[in-house]
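[1] quick one: sequence and predicted model below, then my questions.
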Amino acid sequence: MTVKVTVTGAAGQIGYALLFRIASGQLLGPDVPVRLSLLEITPALKAAEGTAMELDDCAFPLLRGVDITDDPVKAFDGANVALLVGARPRTAGMERKDLLEANGGIFGPQGKAINDHAADDIRVLVVGNPANTNALIAKAHAPDVPADRFTAMTRLDHNRAISQLAQKLNVPVTDIKKMTIWGNHSTTQYPDLFHTEVGGKIAAELVEEEWLRDTFIPTVAKRGAAIIEARGASSAASAANAALNHVYDWVNGTPEGDWVSVALPSDGSYGVPEGLVCSFPAVSRNGRWEIVQGLEINEFSRERIDASVRELIEERDAVKALGLI
Ligand SMILES: NC(=O)c1ccc[n+]([C@@H]2O[C@H](COP(=O)([O-])OP(=O)(O)OC[C@H]3O[C@@H](n4cnc5c(N)ncnc54)[C@H](O)[C@@H]3O)[C@@H](O)[C@H]2O)c1
Ligand SMILES: O=C(O)C[C@H](O)C(=O)O
């Protein structure tokens, strides 16, 4: 069966890094045909058409067609996977409230279009920032879709944390298992090494406490800003790569003996208020995310998880006050 994949913000940077890899089979697997549906704002439709011409020119064996539209209803009609990448970026002089409001105007109607028109098995990944709260808004407008189909991306933070630790310990990234990012995809996120395993040993015991606290955590949490500073634009190829990892694992399952980081609606686990879209350690089984249960949270971790959750609560309360959820 051909899977319909809708990508919003398709003419943007992440879109350009993402679409060719989806069409080559890296989102769902090498045997799954895909049809791409590109949603853009009207002024960017021509650029999206250019990208679609290039997709044609690749003659990808799995690509069954590309549709381009500025209408969310058409874009999400029958969609099985939705990658919500397009968002309103913060510009000079813009208050946080303005940013949340502008994004509410995007993610509310997209959530409703998903609710009314997507396929029954729709899976949604929000990449556009502020990703957790944009996912919360989309979910609030899709009451008929199971809440756990709405996720936001912290897989890039997860991959960044694995890479930083691998470099510190001079081991291949494949030696690192059970990394966790807790909380918000923002600088308050908490990359947790107290359950991470490296060759069967706990990572926090293999590094100096000072490095963990003063180098590792801030490097991972501020990596997005460091990329913007270096590139003059936000991360695109690595964000696209993380989106592919997230959906691939969701659909095909996470490997035994490991887990990944996923922002998904809390069921109250680890004291995170129900419904908040928060990053947790998670495994995918039978096509559904399950939060890893029973991890012991020490005082150091508790403080940091709580700080990020507080920020998520503030964002939720702000969008509630604006009538966006
Ligand atoms: N979660 C993460 O880890 C992560 C990582 C990197 C970037 N991001 C975020 O991803 C988003 C996209 O990044 P980018 O570099 O591709 O940005 P970009 O500005 O290059 O592209 C965004 C695209 O979205 C489109 N767009 C805007 N409003 C839209 C709407 N209502 N419907 C459809 N399309 C719309 C724009 O026309 C533009 O083409 C940003 O919000 C960025 O902050 C998230
Ligand atoms: O776009 C940004 O603000 C940064 C991005 O979320 C990232 O983590 O690279």
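    Thanks, I have the structure now. Ligands and ions are numbered 1, 2, ... in the order given.

[2] export stretch 103-111 to CSV, keeping only CA atoms.
    The C-alpha trace of stretch 103-111 is given here as CSV (Å, rounded to 0.1, in the frame of the first residue of the first chain):
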residue,chain,number,x,y,z
ASN,A,103,1.9,29.6,15.5
GLY,A,104,-1.5,29.0,17.0
GLY,A,105,-2.9,30.4,13.7
ILE,A,106,-0.9,27.7,11.8
PHE,A,107,-1.2,24.6,14.1
GLY,A,108,-4.8,25.0,15.1
PRO,A,109,-6.2,24.8,11.6
GLN,A,110,-3.7,22.1,10.6
GLY,A,111,-4.8,20.0,13.7
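
[3] run through who's touching that stretch.
    8, 39, 72, 76, 82, 84, 86-88, 126, 128, 130, 133-135, 137-142, 319, 322, 324 (Cβ atoms under 8 Å, 6 or more residues apart in numbering). Where you see a C-beta, it was placed from the backbone N, CA and C, and this is true even at glycine.

[4] just the buried residues of the residues you listed.
    When the contacts of stretch 103-111 are checked for burial by 16 or more other Cβ atoms under 10 Å, the buried set is 8, 39, 72, 76, 82, 84, 86-88, 126, 128, 130, 133-135, 137-142, 319, 324.

[5] from the residues you listed, which land in helices?
    In helices, defined here by DSSP state H, the members of these are 72, 76, 133-135, 137-140, 319.

[6] OK, contacts around V3?
    Contact analysis of V3 by Cβ under 8 Å, 6+ apart lists 28, 32-35, 80-81.

[7] who does it bridge with?
    Each beta-bridge partner of V3 is listed here: V34, as defined by DSSP bridges.

[8] show me which residues of the stretch 151-300 of the chain are close to ligand 1?
    Applying Cβ under 6 Å from any ligand atom, one finds that the stretch 151-300 of the chain approaches ligand 1 through 153, 156, 185, 234-236, 239.

[9] out of those residues, which two sit at the greatest distance?
    Taking Cβ to Cβ, the two most distant members of these are H185 and A236; they sit 15.5 Å apart.

[10] neighbour count: these two, which is higher?
    H185 (28 against 18; other Cβ atoms under 10 Å).
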